[in-house]
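A.B. asks: Have a look at this fold, sequence not included:
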């Protein structure tokens, strides 16, 4: 059976993303940053950094794992050295971490985001750009914002490779105005005859 794909424009690059069903009512085009390669991520990182640069950020933050290739490239392109990570697994150095509940559209059940207390000084009172691979429902982004603001970070811009449909706008409220994306993609619904239709509302 031929794999269904969606052709997405991400900045100046076009990629064919595999469409995967989450359930009988919803399918997603998957952007897996750790599989995209150095060339793609380097170009995307430079282009997102160009959008973020006018906000004069001190540090860039992201959510592991899919945000890691992006935060490295954006940080490099901005000429910064340090970035900070919000983790989804309680590693040994996070035993005393600050945490926040999170629920992702691609992960079953409730998770937690963890932020290492040793990194608080890197964001406290600083101008922070939060970047992530995809903003879909806005749930992960909202959790990351709450966690970072809880340690006095000043989130001045939210960068992403793509936004997915538009539920995230309501979920993020006023913070939706901070979102800058290289592209947008829909979610997909069954059309009743074995095919899929694009849903830009989500």
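C.D. replies: That came through, no problem. What you see is a predicted model; the values in this text were computed from it and never measured. Numbering: from 1, shown residues only.
A.B. asks: make it CA atoms for all contacts and neighbour counts henceforth
C.D. replies: OK.
A.B. asks: Strands of the chain, start to end?
C.D. replies: 5-10, 13-21, 27-29, 59-63, 83-86, 98-102, 111-115, 127-135, 154-164, 179-185, 187-190, 196-199 (DSSP state E).
A.B. asks: Which strands and helices lie in contact with the third one?
C.D. replies: Using 3 or more Cα pairs under 8 Å, 6 or more residues apart in numbering; DSSP states H and E, the elements in contact with strand 27-29 are strand 13-21, strand 187-190.
A.B. asks: quick one: the last one to chain centroid distance?
C.D. replies: Taking Cα atoms, centre = their mean, to the nearest Å, one finds the center of strand 187-190 at 21 Å from the center of the full chain.
A.B. asks: tell me what that strand is packed against?
C.D. replies: Counting contacts by 3+ Cα pairs under 8 Å, 6+ apart, strand 187-190 packs against strand 27-29, strand 196-199.
A.B. asks: okay, the helices and strands packed on strand 27-29, which one's buried deepest?
C.D. replies: Among the helices and strands packed on strand 27-29, the stretch with the highest mean neighbour count (mean count of other Cα atoms under 10 Å) is strand 187-190, at a mean of 19.
A.B. asks: contacts for that strand?
C.D. replies: Outside strand 187-190, the residues that touch it by Cα atoms under 8 Å, 6 or more residues apart in numbering are 24-29, 164-165, 196-200, 202.
A.B. asks: Now with 6 Å, please.
C.D. replies: For strand 187-190, the external contacting residues (Cα atoms under 6 Å, 6 or more residues apart in numbering) are 25, 26, 27, 28, 165, 196, 197, 198, 199.
A.B. asks: for the biggest helix by length in the chain, the distance to its chain's centre please.
C.D. replies: Counting by DSSP state H, the longest helix found in the chain is helix 38-52. On the basis of Cα atoms, centre = their mean, helix 38-52 is displaced by 14 Å from the centre of the chain it belongs to.
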